[in-house]
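> Pasting the sequence and the predicted model now:
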Amino acid sequence: MKAMVEEGALVVHGSSQPHYYWSLDLGPTPTARELLRKTREKQTFQQTQYMPDTELHVTMRYKNTPGPDYQYDTVFHRENNQTVTIQHLYVDPKTGKSSASVLLSEKQLQLFKDHTLSSITD
């Protein structure tokens, strides 16, 4: 297996179909920079490595089975240009790892329910 960046996307070359994931990118924006600032402010772990603001994202779906999902891809890209509202920021004081919860718009929430939840229960 070989991983490399091609045209701004991480590409993993292997011998089988890849698993796909879809994300809403946050950066580089003032929101992404503020999120990183708040994270640095709250954490006390000395050796924390921060994700660059250009890579901050909200994972909307990770497909459990290999291969593309063209139907979801079409709907996702049609609804992708929307605001992301950050609700909570969690920073683990022991490890420095952090994550944020977000509020989804009605369209994003419906997309999540229709495609992501059904793939978890299938």
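Perfect, thanks for sending it.

> Contacts for the lengthiest helix in the chain, please.
In the chain, ranked by residue count with DSSP state H as the criterion, the top helix is helix 30-42. With CB atoms under 8 Å, 6 or more residues apart in numbering as the test, helix 30-42 has contacts from 26-27, 48, 50, 53-54, 56, 84, 86, 89, 91, 98, 100. The way it works is simple: take the backbone N, C-alpha and C, and place the C-beta from them, glycine included.

> ok, 10 Å please
Contacts with helix 30-42, where a contact means CB atoms under 10 Å, 6 or more residues apart in numbering, come from 25-27, 29, 48, 50-57, 83-86, 89-93, 96-100.

> what do you get for stretch 108-116?
With CB under 10 Å, 6+ apart as the criterion, stretch 108-116 contacts 22, 24, 58-64, 69, 71-72, 75-76, 78-80, 82-84, 102-105.

> buried subset of those?
Neighbour-count burial (16 or more other CB atoms under 10 Å) is assigned, among the contacts of stretch 108-116, to 22, 24, 58, 60, 61, 63, 69, 72, 75, 76, 84, 104.

> The spatially closest residue to the fourth one that is not a sequence neighbour sits in which helix or strand?
In space, residue 60 comes closest to residue 22 once its chain neighbours are excluded; the distance is 4.8 Å by CB to CB, 6 or more residues apart in numbering. Per DSSP states H and E: residue 22 is located in strand 21-25.

> Right, I'll leave it there.
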